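**Student:** My questions concern the predicted model and sequence given below.
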Amino acid sequence: MGTWNNKIDGNDTFQDIYQNFFDLYNQGQNPIDISNQIQDEFAEMFNDYDDRNNSLFGLALALWETKSLDQTVYKKVKEIIETGNDLEVWKGLGADDKTIEKRKKELDKFLTQISTEREKPKRRVRPKFEFEMTNLVNAIAPDNLKKFDVSEEYVNKNYVHTSGLMMWEQGGGSVLYFTGQGKNISAKWLDNKTLEVTHDKGIEFTMKNESAYFSGDDIKVIYKCQLQKK
C-alpha cells in the first residue's frame, strides 16, 4: 500500500488515482469517461486486496468533487466502510488499536462527506506550461554578425529535444534537431562562412541542415561525428 497514515488521502494509492483523475479532468475530459479510463488503466490496483479500498476512495472523492459520483462507486465505498472491511485490511497490515480507531473516524467522516452532493463542481485548473532551455553551445562567428546556439529544451521539467539555431541580429532559424538528453555536441567557426558541428556517434537527427541563409549571408554547416567518451 506504500506510504500511508490514517487520513483518507494519506497514502500513495489514493494519491495515484486522485492525481491521475485530475490530470485528465484539467485537460477538459468528461469525469465519467475519466472514471472508466482510470478503472481500466489501474485495474490491477482496483483488484488488489490491499490497494482496492484506497483506489476506490481516491476515485470516489474525485467524482464527488466534480459532481459526478455515480451510485456504483458510492455503494462500493459505503459497503467497504460500513462492513469494517477497510479496518480489517489495516489490521492485516499491522495497524494497532489506536491507529484503527483514528482510521474509523476518518472513514465515517469521509462517508458523511460524499453522501451529500457537493454544491458546485471543482473548477478545472489550466495545466501549467513552463518552458526552459539549457544552453550547450554558444558559438559567435568571427565577424560578430551571427551566432550558432544549441540548447536542450524542457517543458514542465521534462526533456523534449535538443535544437540548434543560427541567428543574426534581425532573424534566423533552425539548423538541427535531435532527441537525446545529455548527448555531446560542440561547434566552431572555421571562417565567417563555415561552421563545423561535432557530435556523438549514434545521434539520430530529425533535422540536419547543411546550410543556413539570411539576408545575403550564406553559411555552410559541416557535421563531424565522434566516438562517445567512456
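**Tutor:** Now that the structure is in, tell me what you want to look at. It should be emphasised that the depicted structure is a prediction, and the values quoted were computed from it without experimental measurement. Numbering: from 1, shown residues only.
**Student:** okay, CA-based contacts and neighbour counts for the rest of this
**Tutor:** Will do.
**Student:** Flag every buried residue along stretch 13-29.
**Tutor:** Under the neighbour-count criterion of 16 or more other C-alpha atoms under 10 Å, stretch 13-29 has 13, 14, 15, 17, 18, 21, 22, 23, 24, 25 buried.
**Student:** a helix runs through the first one, doesn't it?
**Tutor:** To tie it back to what came earlier, the one meant is residue 13. Yes. Under DSSP: H, G, I helix; E, B strand; the rest coil, residue 13 sits within a helix.
**Student:** Tabulate the buried residues of stretch 13-29 in CSV, adding columns for pLDDT and distance to residue 62.
**Tutor:** CSV is the format used below for these (pLDDT from 0 to 100; distance: C-alpha to C-alpha, whole Å):
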residue, pLDDT, distance to residue 62
13, 93, 14
14, 95, 10
15, 94, 10
17, 96, 9
18, 96, 6
21, 97, 7
22, 95, 7
23, 92, 11
24, 94, 11
25, 95, 9
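**Student:** which one of the residues you listed sits closest to residue 142?
**Tutor:** residue 23 (49.1 Å; C-alpha to C-alpha).
**Student:** Quickly note the distance from the closest one to residue 30.
**Tutor:** Distance of residue 23 to residue 30, given as C-alpha to C-alpha, to the nearest Å: 12 Å.
**Student:** number of nearby residues for residue 49?
**Tutor:** 12 (other C-alpha atoms under 10 Å).
**Student:** So for it, what's the pLDDT?
**Tutor:** In this model, residue 49 is scored at 93, pLDDT.
**Student:** does it sit in a helix, a strand or a coil?
**Tutor:** Under three-state DSSP, residue 49 falls in the coil class.
**Student:** What lies in contact with the longest helix belonging to the chain?
**Tutor:** Among the segments of the chain that qualify as a helix by DSSP state H, the longest is helix 97-114. For helix 97-114, contacts defined as C-alpha atoms under 8 Å, 6 or more residues apart in numbering pick out 6-8, 60-61, 64, 74, 77-78, 81, 87, 90-91.
**Student:** how about that helix: buried residues?
**Tutor:** Buried residues in helix 97-114, counting neighbours by 16+ other C-alpha under 10 Å, are found at 100, 103, 104, 106, 107, 110, 111, 114.
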